[in-house]
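Engineer: no letters, just coordinates:
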């Protein structure tokens, strides 16, 4: 390795250590920290983030990048990719003026608190002036960052590098055409109560124990991970050897902790299986939010809500929770975990209606960024779309426009990655199945090694070495494609309803 | 506040945030981290420590210190003390050459691993060459740091600023004269098994519950703290609003977790009660190890092993653990927790013999630093002193010279602070009692507010604003004085034996 390259790697490793340290501060804040520690913790996080940002955007990064002779490197080598990845991020982060970034932090911090209150009071008017500032700044941000076709592209690219608004809209058009009629048909049938078995006496400790059994079989390495409680479940990592998940338990409802655990385990499997050489480099993490979500949604839904999965696990689950499940047979349970029920809250949505929640938000974001929708008109626009896509209307703004944290955090362009993840999950899974049809039979035996191995080889190990679309094309032979996902949903839910 | 002062405070606050962050990395490492995370965690700790050290020893610190017009400040003001404290530490840390500091880290890391193995094998010869290097470097360190009278002064000052070897030896002479005869007399009486009630069926969860009750009454603020498990108990803090203790439970032995919890709570009360204005400054922590230990030993021993304490708590303890305590009356229990039993392992020693373990180590350290004792002769010297002071001899080096981690970590001069803590605990407690004789009665009612209030006012709130001896003199009207402690031990144990 050239000396310049070695120095660059050291410099980036320092920054990576700082970022992982900030990650630990945040993980601790959400899982362990005593309440009184909040304000000092905020200072600590600000300090670590500032130092990391200063180190990365400082002259040293650029001069080290310039000093490496890229011509010496094969274009597909880890080192060449490390350099192009770093240069891209360096240039992108230098596009935002320091004062703008500082103002972002202040506005976000304040808006976050106001949003919490506004949601508690179901009162959008409290939040409105803050959201107006945010939308104005987001529009400014798109100008700083630049774009070819549409200002929203600049935002999407913060989370899904290379994705365009046009692509995203095209994808959602397919989804809308393929699923809205089915959703409205099911909604018209009314609630048949098929998810009832999931509600009942589900002691927390037993839920935890059962969830752990599944994650062990999935291949989550508990020697390099752990599970804690948090209000909002998440997966956090401080290098590939320390990847932690969190869960929220409801002792009277099986779904949140069980499927939440499978979901976060999907994220964790990605991070744990990045190849060791990328650890402590900027490539040592999942390549995009969408690709990350493809892993979590696959292990949660395609695997975790499938018949073969439950053919293996159901007898154990039934023995663990005899009271609520004694008279529920496998087929009825399978139908329960796949119940479709148009509902108001995104994070509780079923597999079929989930994307419509996302579509709604993306369309509203685009309109706000384009300036064709005013913040003041947002609640009404929200409710109208809710009615059009899901056939229901929120009783108040807490159940509606105020439900998500993202806008108060200025995270425009983030929501679509959830659906991208769903789309990619099926595209990847179908490819793995085509190459290894035995995967279904393995699942029936509680074995997941072939599936995990395929994901490890084609997705996980590469970390951020390849851009999202490049990675997907290498893995599946084609660009992101909504067709398999639409087909998956139609097949699965036509059989169920 | 002048602009220079403000900049200095900002600069030092950044460093403090980094140090607290390193503290969290270490806390997590010892309480939460999955095993696989060890090597990446070591890198993260090294990075944060290096950045903090670079920031503190860099030119900016000196130029900001020089820019403040100290003449403007009252000598006893927080700001004046902040500056003299910082200047002292700056000058001290610049005395050690960077190569020496780097070599220290490497030697320590290696020696730590070798020591673990050597202790497991009870084989001093494995550790000997490493300890030889360490002693050589410690002697070099005393030259870099400088001293007036004795090279060991330079080492003591790392932990107890202002303390001299002469003072420490004088103090131990008093202790030796006052307690060795008593210890040998008790040893000659043989073991009467009076600590038997502490061994039995003590379920962990109930121990935890009872310990928590006591800490709440002591005044530990659980809103700004928490308790976790760790192999070696410790107290750690990330600012005054996040002060955490750890404990190790033995389900068949009450003492370790109970008195360990009271001990760590003593440390925690100190940090939680430092005045808020000192938070995020270098003064926002206890002023020395000895003063810190005075707080932990006071709440553990003077309070926690006193009759009034148990007059309040014993019926609850008995109700909590009916099986081992049903037939044990208060007086017998009080005698059990104060059993004296010369033993080989320092950390398990009783209140009376504890200091002899320290005396032994200090005398050996001084001889090694003076060069009058060779590392090769250390095990023999250890065993001889063990026989002279405690009347017993280790069966092997694991029980003897290899038992403590400190020497592998190059921490010479550290041990005496344990005994300084004991001495100061009585000096402070006696002063508080003289001013508030009602403290004993309050204890009998499970109330500790007057005692805590006195400590808060005279010790805690000041953080590191005053040097140890200055603080003690302000609080008690005189310098550190062993006499009250010797009297306390003699009175207490003459009555018990």
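Structural biologist: Noted; the coordinates are in hand. Because the structure is a prediction, the values reported are computed rather than measured.
Engineer: surely residue A:154 is in contact with residue A:138?
Structural biologist: No: using CB atoms under 8 Å, residue A:154 is not in contact with residue A:138, being 9.5 Å away. For glycine as for every other residue, the C-beta is placed from the backbone atoms N, C-alpha and C.
Engineer: tell me the predicted confidence for the closest residue to residue A:16 other than its chain neighbours.
Structural biologist: Nearest residue to residue A:16, sequence neighbours excluded (CB to CB, 6 or more residues apart in numbering or on different chains): residue A:280, at 5.0 Å. In this model, residue A:280 is scored at 96, pLDDT.
Engineer: now stretch A:165-180: buried residues?
Structural biologist: Buried residues in stretch A:165-180, defined by neighbour count with 16 or more other CB atoms under 10 Å in any protein chain shown: A:165, A:167, A:168, A:169, A:171, A:172, A:175, A:176, A:178, A:179, A:180.
Engineer: so which of those would you say is closest to residue B:73?
Structural biologist: residue A:165 (59.5 Å; CB to CB).
Engineer: residues contacting that closest one?
Structural biologist: The contact partners of residue A:165, by CB atoms under 8 Å, 6 or more residues apart in numbering or on different chains, come to A:149, A:150, A:152, A:153, A:156, A:366.
Engineer: wait, doesn't residue A:428 sit right on residue A:456?
Structural biologist: No: look at residue A:428 against residue A:456 with CB under 8 Å: they stay out of range, at 12.0 Å.
Engineer: compare those two and say which is more crowded by neighbours.
Structural biologist: residue A:428 (25 against 19; other CB atoms under 10 Å in any protein chain shown).
Engineer: so which strand or helix has that one?
Structural biologist: Following DSSP states H and E, one finds residue A:428 within helix A:416-435.
Engineer: pLDDT of that helix, averaged?
Structural biologist: Rounded mean pLDDT across helix A:416-435 is 98.
Engineer: likewise for stretch A:185-202?
Structural biologist: 94.
Engineer: what are the buried residues along it?
Structural biologist: A:186, A:187, A:194, A:195, A:197, A:198, A:202.
Engineer: which residues of chain A lie near chain B?
Structural biologist: Residues of chain A lying close to chain B (CB under 8 Å from any CB of the partner chain) are A:13-14, A:17-18, A:20-21, A:24-25, A:28, A:32-41, A:43-44, A:47-48, A:51, A:221-226, A:238-239, A:241-242, A:244, A:279-280.
Engineer: count the residues that sit near residue A:232.
Structural biologist: By the criterion of other CB under 10 Å, residue A:232 has 10 neighbours.
Engineer: quick check, pLDDT for the residue nearest to it when sequence neighbours are not counted.
Structural biologist: The shortest distance from residue A:232 to any residue other than its chain neighbours is 7.3 Å, reached at residue A:248 (CB to CB, 6+ apart). Residue-level confidence at residue A:248 comes out at 94, pLDDT.
Engineer: wait, isn't residue A:370 in contact with residue A:155?
Structural biologist: No: the pair residue A:370 and residue A:155 fails to qualify as a contact (CB under 8 Å) at a distance of 11.9 Å.
Engineer: more crowded one of those two?
Structural biologist: The neighbour count for residue A:370 versus residue A:155, taken as other CB under 10 Å, is higher for residue A:155 (26 against 13).
Engineer: the more buried one sits in which helix or strand?
Structural biologist: Using DSSP H and E, residue A:155 falls in helix A:151-159.
Engineer: could you check the angle that helix makes with helix A:416-435?
Structural biologist: Angle, helix A:151-159 to helix A:416-435, by axes from the mean of the first three to the mean of the last three CA atoms, to 10 degrees: 60 degrees.
Engineer: and the buried residues of stretch A:165-180 as JSON lines, adding pLDDT?
Structural biologist: Shown next, in JSON lines, are the buried residues of stretch A:165-180 (pLDDT from 0 to 100):
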{"residue": "A:165", "pLDDT": "97"}
{"residue": "A:167", "pLDDT": "95"}
{"residue": "A:168", "pLDDT": "96"}
{"residue": "A:169", "pLDDT": "96"}
{"residue": "A:171", "pLDDT": "95"}
{"residue": "A:172", "pLDDT": "95"}
{"residue": "A:175", "pLDDT": "94"}
{"residue": "A:176", "pLDDT": "92"}
{"residue": "A:178", "pLDDT": "94"}
{"residue": "A:179", "pLDDT": "92"}
{"residue": "A:180", "pLDDT": "90"}
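Engineer: narrow those to those in helices?
Structural biologist: If you go by DSSP state H, those have A:165, A:167, A:168, A:169, A:171, A:172, A:175, A:176, A:178, A:179, A:180 in helices.
Engineer: name the residue closest to the centre of chain A, please.
Structural biologist: residue A:293 (4.4 Å; CA atoms, centre = their mean).
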